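> after the sequence you'll find the predicted model.
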Amino acid sequence: MYMNFEDQLRDFSRQVKFKANFGELSPFKNIVISGMGGSGIAGSIFSEIYDKAPVQVVSDYGLPSYADRDTLFVGISYSGNTEETVAATKEAMRRGCQVRLITSGGELSELGAETVVVPKGYQPRAALGYLIKPFLSTFITSDEAQYDRISRLLSDMDTNNSNEKDVAGKIFGRRSIPYVLGYPPFRWVAYRWKTQFNENSKILAFSAYFPELDHNDAIPFKHTYGKENFSFLVFGGSTGQIEKRVRFTSEITSTEYITIQPKGDTVLEKLFYLVHAGDYVSYHLGNMRKIDPEDVSVLTELKERLKS
């Protein structure tokens with residue numbers, strides 16, 4: 001059933017309660033995840049909060065040379081027809097990797113591997129809850145009480161996202177380019193904000209993270225031309241040396257931040273809250289620009305040309 005894009009955003013609070021996992025797994029030494037765009041971000045976010053085995057996310061057609069029978073391979077493609085992920089999955093099966101797939105259908109679902117099937121009818125970037133939940137339930141926690149708390153946090157934002165609209169208004173009022181600053185374990189959440197601005201708002205955006213950005217980006221924060229064309233957004237709630245870096249970088253480079261303060265008590269709660277805040281900021285910015293967030297005609301044309 002078709003849902004408009006705002007309804008898809010509001011569905012996120014329900015998606016995090018999706019009961020799915022990878023089932024019984026044989027022992028493995030490493031995890032390789034293949035996924036692109038709004039599908040692949042699920043693997044990237046997971047890779048930052050899981051540390052019991054090496055995890056590599058591949059956004060390409062192939063696999064690392066070490067991938068073999070000791071590898072758990074997970075292919076994620078919401079449509080099931082992402083050519084890079086289909087190619088990587090076929091190669092993983094040829095090498096004898098232990099294969100699990102997440103998709104709503106398409107060619108990926110026809111390859112004969114064990115598959116978590118997610119509901120159809122969403123933009124891939126609006127199905128993140130469905131795409132990431134199998135990872136979380138299998139490897140992080142299956143505590144449904146925590147997902148209930150997360151769902152309530154997201155539902156509260158669905159009811160009142162005026163703060164996110166205000167942030168979008170600041171970016172729009174300045175006609176500026178968002179530059180999103182994260183920190184572990186929210187480095188990939190910052191990147192998710194960047195890609196949501198790209199697709200929902202149809203504007204360029206950038207992301208970086210502490211402490212790495214203090215070894216490169218901080219220099220042009222002080223010296224670049226055109227700095228007034230950027231809006232610097234930083235995730236609040238950092239502590240220790242990271243908190244000092246956030247504060248000192250702002251002071252030394254005379255960089256004004258727009259702070260996005262996460263809510264929640266656990267890493268997962270804060271992570272999902274920040275993800276959803278980015279959904280709404282980018283959605284509101286797109287509305288202010290009179291942009292259709294579901295317009296992906298550029299990508300559609302590109303895919304058609306690649307088939308020729």
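Nice, I can see it.

> now do the strands in the stretch 1-150 of the chain.
Here the stretch 1-150 of the chain has its strands, by DSSP state E, counting those that start in this stretch, at 30-35, 55-58, 71-77, 98-103, 114-117.

> mean neighbour count, these: which tops it?
Greatest average neighbour count among the strands of the stretch 1-150 of the chain goes to strand 71-77 (a mean of 28), per mean count of other CB atoms under 10 Å. Bear in mind the C-beta positions are built from the backbone N, C-alpha and C, glycine included.

> show me what that one is packed against.
If contacts are counted by 3 or more CB pairs under 8 Å, 6 or more residues apart in numbering; DSSP states H and E, strand 71-77 sits against strand 30-35, helix 37-49, helix 83-95, strand 98-103.

> for the last one, what is the distance to the chain centroid?
In this case it means strand 98-103. 19 Å (CA atoms, centre = their mean, to the nearest Å).

> output the contacting helices and strands for the top helix by length along the chain.
In the chain, taking DSSP state H as the definition, the longest helix is helix 267-288. Helices and strands touching helix 267-288, as assessed by 3+ CB pairs under 8 Å, 6+ apart, comprise helix 5-10, helix 37-49, helix 144-159, helix 162-174, helix 187-196.

> mind putting the helices and strands packed on strand 71-77 into TSV with distance to Tyr179 and mean pLDDT?
Output for those, formatted as TSV (distance: least, CB to CB, whole Å; pLDDT from 0 to 100):
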stretch	distance to Tyr179	mean pLDDT
strand 30-35	25	98
helix 37-49	19	97
helix 83-95	28	97
strand 98-103	31	98
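
> turn the ones you listed into TSV, columns for distance to Asn200.
Shown next, in TSV, are those (distance: least, CB to CB, whole Å):
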stretch	distance to Asn200
strand 30-35	19
helix 37-49	10
helix 83-95	22
strand 98-103	22
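
> for those, which one sits closest to Gly182?
Of all those, it is helix 37-49 that lies closest to Gly182, at 9.8 Å by CB to CB.

> ok, and what's touching the closest one?
Helix 37-49 has contacts (CB atoms under 8 Å, 6 or more residues apart in numbering) with 33-35, 55-57, 59, 74, 76-78, 82, 85, 102, 123-128, 131-132, 135-136, 139-140, 184-189, 191-192, 195, 199, 267-268, 271, 275.

> picking that back up, of all the helices and strands packed on strand 71-77, which lies closest to Asp279?
Here helix 37-49 is closest among the helices and strands packed on strand 71-77 (CB to CB), at 11.2 Å.

> go ahead and produce PDB holding the CA coordinates of the closest one.
Extracted C-alpha coordinates of helix 37-49, given in PDB (Å, rounded to 0.1, in the frame of the first residue of the first chain):
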ATOM      1  CA  GLY A  37      22.800   4.200  -0.500                       C
ATOM      2  CA  GLY A  38      19.800   4.100   1.800                       C
ATOM      3  CA  SER A  39      20.100   0.400   2.100                       C
ATOM      4  CA  GLY A  40      23.800   0.200   2.800                       C
ATOM      5  CA  ILE A  41      23.700   2.800   5.600                       C
ATOM      6  CA  ALA A  42      22.100   0.100   7.900                       C
ATOM      7  CA  GLY A  43      25.300  -1.900   7.600                       C
ATOM      8  CA  SER A  44      27.500   1.100   8.200                       C
ATOM      9  CA  ILE A  45      25.600   2.200  11.300                       C
ATOM     10  CA  PHE A  46      25.700  -1.400  12.700                       C
ATOM     11  CA  SER A  47      29.500  -1.700  12.000                       C
ATOM     12  CA  GLU A  48      30.200   1.200  14.300                       C
ATOM     13  CA  ILE A  49      28.400  -0.300  17.300                       C
END
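
> what residues of that helix count as buried?
For helix 37-49, the buried set under the neighbour-count rule, 16 or more other CB atoms under 10 Å, comprises 37-49.

> related to what we said a few turns ago, now the longest helix of the chain: buried residues?
Buried-residue list, helix 267-288, by 16+ other CB under 10 Å: 268-287.

> next one: stretch 79-93
So, applying 16+ other CB under 10 Å, buried residues of stretch 79-93: 80, 82, 84-92.

> over to stretch 188-207?
188-203, 205-207.

> where does the prediction get shaky in this protein?
Applying pLDDT under 70 to the chain picks out residues 1-2.

> 80 - rerun?
Applying pLDDT under 80 to the chain flags residues 1-3, 308.

> domains for it, by residue range?
5-142, 163-288 (automatic domain parsing).

> nearest to Glu304, of those?
domain 5-142 (12.2 Å).

> now Arg305: how far from Leu299?
11 Å (CB to CB, to the nearest Å).

> right, I mislabeled it, should have said Glu83
12 Å.

> want to throw the domains of the chain into a markdown table with distance to Leu154?
Shown next, in a markdown table, are these (distance: least, CB to CB, whole Å):
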| stretch | distance to Leu154 |
| --- | --- |
| domain 5-142 | 4 |
| domain 163-288 | 5 |
